[in-house]
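> okay, here's the prediction I keep looking at, along with the sequence it came from:
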Amino acid sequence: MSNERVLKFPMSEKMFHNINMVTWMILAITGVLIYFKQVGEATALLMMTFHIGIAIVFTLNFVGFVVLNADRFFLMLRNLLIWDADTFAWFKNLGGYPRRLFGIPFGPEEVAPQGRFNAGQKFTYLFFIFMIFGLIVTGWLLYFMAPVLGKTTMVYFFNFHVWGSIIATVMAVGAHLPLAVINIEDFKAMFRFGAGDVPLEDALHHAPKWVENDLVKVSTLEQPLKAHR
Amino acid sequence: MEATKENYFYAEKPVGQLLSRRDFLKAAGVSVSAIAISGYAITDIVQKRKSYIALRQQGLYKDDKRLQKANLTGSHQNASCLKVYQDMGTKPMGEVAEQLLHTKTYVDRSNLLMQGAHHV
């Protein structure tokens, strides 16, 4: 087994992802406790103050990533918006996961080669980005502009904010997290300190088209940080 | 881990090389569309809400003027209403009218706030 490794998550993406994850979970927990009346009135008020404070960090994290790392954001969007024949072919066997995890012989055995993200990730991450943007917009409108927008619109925005975030959280906790743990090299790359690199074998297995088309050899281990300066 | 000859490291090519003009337009198009559509929708909602208020205001003033011409500046002067009171043998604020027409209970609806409920 070679020691060759691939830089998968640059520091800027790790920071965005991890701050987004922590703030999202705090916002989800405080929001659910308040909406489903699981806490008393005084605690709910305190939690709402907390919810708003964390929402500032959540918003700045997203805006900061888009503005300060516009190139990485655009590259991520570019990767998510490539929907070629292989992307659609992934859905024929859902990447082989039903067969691998549950022994269900669903679709052909061979998985169509994928790029940086597989089709399921593309679909899910586009939804997550849409929800992050939507929750930021509706959240701040609910906070600042309630009297201007009118009752009907506010109820619509409120329902989008509550149920949209619940659906996205269920997807994140029920699908994104377990699949990340199964692909343990990705999980370690995302959460370890330092460079977010994975073994080349792993990248070739999950994202052969990415390795073939988008990667470049940058020689020794001294290079990973320089590669994305 | 010590760097050896086999210890190669791979990274993505610079973004400028990966992002073609078509890719850039696609990503920029999606981003700008998201901002423009939500911006337009919110502005539209605010403007429409303002126009509804203005239209309602105009309607009320128009009604006032029409009724002033007909010398009906209050609902108690409406001929149809007065006939109803006469038929029941009572008058506005009279005992029978109060018994039949006035609401006797107050329902606290504060728990329906922001839950999509409509007035009943």
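Done, it's in.
> can we go C-alpha only for contacts and neighbour counts from here?
OK.
> quick one: list the elements packing against the helix or strand in which B:Ile42 is found.
B:Ile42 belongs to helix B:21-69 when assigned by DSSP states H and E. Helix B:21-69 makes packing contacts with helix A:70-80, helix A:146-149 when contacts are defined by 3 or more Cα pairs under 8 Å, 6 or more residues apart in numbering or on different chains; DSSP states H and E.
> so how far is stretch A:92-108 off the chain centroid?
The chain centre lies 23 Å from the centre of stretch A:92-108; the measure is Cα atoms, centre = their mean, to the nearest Å.
> hang on, I meant stretch A:183-191
With Cα atoms, centre = their mean, you get 14 Å for stretch A:183-191.
> nearest spatial neighbour of A:Asn93, skipping sequence neighbours?
In space, and not counting its chain neighbours, A:Asn93 is closest to A:Gly107: 4.4 Å by Cα to Cα, 6 or more residues apart in numbering or on different chains.
> okay, buried residues for the lowest-mean-pLDDT helix or strand in chain B please.
Scoring the helices and strands of chain B by mean pLDDT, DSSP states H and E places helix B:95-101 at the bottom, with a mean of 85. Counting neighbours by 16 or more other Cα atoms under 10 Å in any protein chain shown, one finds that the buried residues in helix B:95-101 are B:Ala97.
> what's it in contact with?
Contact with helix B:95-101 is made by B:Tyr85, B:Met88, B:Thr90, B:Lys91, as judged by Cα atoms under 8 Å, 6 or more residues apart in numbering or on different chains.
> now check the longest helix seen in chain A, is it near chain B?
For chain A, the helix with the greatest residue count under DSSP state H is helix A:41-68. No - Helix A:41-68 lies out of reach of chain B by Cα under 8 Å from any Cα of the partner chain, never closer than 10.1 Å.
> got the angle for that helix vs helix A:70-80?
Helix A:41-68 and helix A:70-80 are oriented at 90 degrees to each other (axes from the mean of the first three to the mean of the last three Cα atoms, to 10 degrees).
> quick one: mean pLDDT for helix A:41-68?
Regarding helix A:41-68, the rounded mean pLDDT is 96.
> which secondary structure elements does it contact?
Counting by 3+ Cα pairs under 8 Å, 6+ apart, helix A:41-68 packs on helix A:11-35, helix A:119-144.
> any idea which residue sits dead centre in chain B?
In chain B, the centroid-proximal residue (Cα atoms, centre = their mean) is B:Arg49; its distance is 6.5 Å.
> any low-confidence regions in chain B?
B:1-8, B:112-120 (pLDDT under 70).
> who touches the closest residue to A:Trp90 other than its chain neighbours in this structure?
Once flanking residues are discounted, A:Trp90 sits nearest to A:Ala112: 5.6 Å by Cα to Cα, 6+ apart. By Cα under 8 Å, 6+ apart, the contact set of A:Ala112 is A:Asp86, A:Thr87, A:Ala89, A:Trp90, A:Gly95.
> could you tell me the model confidence score at the most centrally placed residue in chain A?
In chain A, the centroid-proximal residue (Cα atoms, centre = their mean) is A:Tyr125; its distance is 5.2 Å. pLDDT for A:Tyr125: 97.
> what distance do you get for it to A:Val6?
A:Tyr125 sits at a distance of 21 Å from A:Val6 (criterion: Cα to Cα, to the nearest Å).
> for B:Asp44, find the nearest of the helices and strands packed on helix A:41-68.
Minimum separation from B:Asp44 across the helices and strands packed on helix A:41-68 (Cα to Cα) falls at helix A:119-144, 14.2 Å.
> that closest one to helix A:70-80, inter-axis angle?
Going by the same axes, to 10 degrees, helix A:119-144 makes 130 degrees with helix A:70-80.
> wait, isn't B:Thr73 in contact with B:Tyr61?
No - counting by Cα atoms under 8 Å, B:Thr73 stays clear of B:Tyr61, with 11.9 Å between them.
> quick one, which of the two is more surrounded?
Neighbour count, other Cα atoms under 10 Å in any protein chain shown: between B:Thr73 and B:Tyr61, B:Thr73 has more, with 15 against 12.
> so that one lies in a helix, does it not?
No - using DSSP: H, G, I helix; E, B strand; the rest coil, the secondary structure at B:Thr73 is coil, not a helix.
> out of the helices and strands packed on helix A:41-68, flag the one nearest chain B.
helix A:119-144 (8.4 Å; Cα to the nearest Cα).
> pull out the buried positions in the closest one.
So, applying 16+ other Cα under 10 Å, buried residues of helix A:119-144: A:119-120, A:122, A:124-126, A:128, A:131-139, A:141-142.
> now do stretch A:146-160
A:Leu149, A:Thr153, A:Met154, A:Val155, A:Phe157, A:Phe158, A:Asn159, A:Phe160.
> name the helix or strand for the last one, please.
What that stands for is A:Phe160. Here A:Phe160 is assigned to helix A:151-171, by DSSP H and E.
> quick one, that helix and helix A:11-35 angle?
Put simply, helix A:151-171 runs at 120 degrees to helix A:11-35, going by the same axes, to 10 degrees.
> so which elements touch the helix or strand just after helix A:151-171?
The helix or strand immediately downstream of helix A:151-171 is helix A:177-182, counting by DSSP H and E. When contacts are defined as 3+ Cα pairs under 8 Å, 6+ apart, helix A:177-182 sits against helix A:184-191.
> how many residues are close by residue 47?
Picked chain A for this. A:Met47, neighbours per other Cα under 10 Å, totals 19.
> nope, chain B please
When neighbours are counted by other Cα under 10 Å, B:Gln47 comes out with 14.
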